[in-house]
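1. Would you be able to build a 3D model of this:
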Amino acid sequence: MLGIFIGLALLMFLAYKGYSIIWVAPLTAAVVALIGGIPLLETYKEAYMGGFVGFTKSWFPVFMLGAIFGHLMDYTGAARSIAQWLTKIFGSKRAILGVIIGCAVLTYGGISLFVVVFAMYPLAVALFREANISRKLIPGSIALGSFTFTMTAVPGTPQIQNLIPMDYYHTTPTAAPIMGIVATLFMFGLGYAYLVWREKKLTAKGEVFTEPEKKQDNNEEHLTDLPNPLISILPLLSVILTLNLLKWDIILALISGIILSMLINIKLYKGFTKTISAGANGSITAIINTSAAVGFGSVVKAVPGFQTLTNLVLGIKGSPLISEAVAVNILAGATGSASGGMGIALAALGEKYYQIALETGISPEAFHRVASLASGGLDTLPHNGAVLTLLAITGMTHKESYIDIFVTSLLLPVLSSIPAIILASLGIY
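-> Numbering: from 1, shown residues only. Down below sits the predicted model:
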């Protein structure tokens, strides 16, 4: 097992230093294989590339279509229109709540969290300016609305972190709805209460709104007016409803959102081809990064020490859901990726957990929901790509704002597995 731990530690260290996981993953997988005593070249060609290609084959269409959908919603101004509408409803007195809800609606509608960050930041600045709240709290507010409950907990969310477990547990996007709703209330309620408390503390110290040094680039120069928010929300509803009510495959659900987005903004047709190309190109890095992490997991699975590690994880006292939460959290933290960490864990242990579910009578839906929740925990350590992007866009540093990101999108999501597991142990899913 020593090779597995050394490989994981090296993967985490290099990812934290900012090196691309595309080359870091095979390098650290080679360390695991070398110490594990299995042939390097054969392991790379078979185990590593087998896991890599297998994940890409299964999930590339979803990554690509999701990115295209997000880019179209951004290009047409629909995402900004919805966000602006929601923030007007809540007003400056509830600036933090407005940002959280705006992010949550967009993320639950299937828009990439990176697009959500770009869409919400200018509105968050305007709201925080009017409410005279320190900009230090913008990253934490956006993180709570985008990286947490709508990504992993709300039943039916089309985000990839809620879809990956379906292949392993033969479930649907609405798996374990009660567990998901309770975890949602836990993260949202405590997260919002924490941010309000932080606002009061900062204001009491005299830390209020200050103008950002650089203005965010506006990607909507081609728009004379933002589209109607009620019409703009239709593509989001199309994705959610076709996925969950009509039981369409996620690929078809995303295509429905893409087509509807173009139809209701047909006057902007000249930019559609460029926008679709940008979305498709942008999805390549995301899918390759995640596939590289899964390839690493496949090599871990191939070394003899993995069986010992499996026995240790499965031997954790209490419910097998606890060991699943621990395994997914650790691997999500090591890779700095929710989908990557869950991909490694479920590729290695998913079949085992499914068998345990059948043998113990615990619903596979409970395993689905816990895996999804756990993927959104330790993934947001400081080296996480979404965290780095969020801080870069908002103009904040780790020192200024990471504590709020840590509480809202790491600590609370990790703890949210506890009430979910308790409910599962009572047979409430």
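2. what about the helices in the stretch 151-300 of the chain?
-> Using DSSP state H, counting those that start in this stretch, the helices found in the stretch 151-300 of the chain span residues 160-169, 177-204, 229-232, 234-244, 250-263, 272-302.
3. Tabulate these (JSON lines), appending mean neighbour count.
-> All C-beta atoms are positioned from the backbone trio N, CA, C, and that covers glycine. Listed next are the helices of the stretch 151-300 of the chain as JSON lines, based on neighbours: other C-beta atoms under 10 Å:
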{"stretch": "helix 160-169", "mean neighbour count": "22"}
{"stretch": "helix 177-204", "mean neighbour count": "18"}
{"stretch": "helix 229-232", "mean neighbour count": "16"}
{"stretch": "helix 234-244", "mean neighbour count": "21"}
{"stretch": "helix 250-263", "mean neighbour count": "20"}
{"stretch": "helix 272-302", "mean neighbour count": "21"}
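4. between the ones you listed, which one is nearest to residue 136?
-> Proximity to residue 136, assessed across the helices of the stretch 151-300 of the chain by C-beta to C-beta, is greatest for helix 177-204 (6.7 Å).
5. got the angle for the closest one vs helix 160-169?
-> 150 degrees (axes from the mean of the first three to the mean of the last three C-alpha atoms, to 10 degrees).
6. same for helix 177-204, what does it pack against?
-> Here helix 177-204 touches helix 95-108, helix 138-146, helix 149-152, helix 364-375, helix 398-406, helix 412-425, going by 3 or more C-beta pairs under 8 Å, 6 or more residues apart in numbering; DSSP states H and E.
7. which one of those helices lies closest to residue 174?
-> When these are compared by C-beta to C-beta, helix 364-375 sits nearest residue 174, at 8.8 Å.
8. Packing partners of that closest one?
-> Counting contacts by 3+ C-beta pairs under 8 Å, 6+ apart, helix 364-375 packs against helix 149-152, helix 160-169, helix 177-204, helix 320-335, helix 338-360, helix 412-425.
9. mean confidence for the first helix or strand past it going along the chain?
-> Sequence order places helix 385-394 as the next helix or strand after helix 364-375, per DSSP states H and E. Mean pLDDT, helix 385-394: 83.
10. What residues sit buried inside helix 385-394?
-> Of all the residues in helix 385-394, those buried under the rule 16 or more other C-beta atoms under 10 Å are 385, 386, 387, 390, 391, 393, 394.
11. for residue 247, what are its contacts?
-> For residue 247, the contact set (C-beta atoms under 8 Å, 6 or more residues apart in numbering) comprises residue 172.
12. scratch that, residue 203
-> 132, 133, 134.
13. Distance-wise, check it relative to residue 124.
-> Distance, residue 203 to residue 124, by C-beta to C-beta, to the nearest Å: 17 Å.
14. can you check residue 281 too?
-> Residue 281 sits 27 Å away from residue 124, going by C-beta to C-beta.
15. Then residue 375?
-> With the distance defined as C-beta to C-beta, residue 375 ends up 26 Å from residue 124.
16. just residue 64 next, same as before
-> With C-beta to C-beta as the criterion, residue 64 and residue 124 are 29 Å apart.
17. Equivalent analysis for residue 194, please.
-> 17 Å.
18. do residue 337 as well
-> Between residue 337 and residue 124 the distance is 25 Å, computed by C-beta to C-beta.
19. And the pLDDT at residue 420?
-> pLDDT, residue 420: 97.
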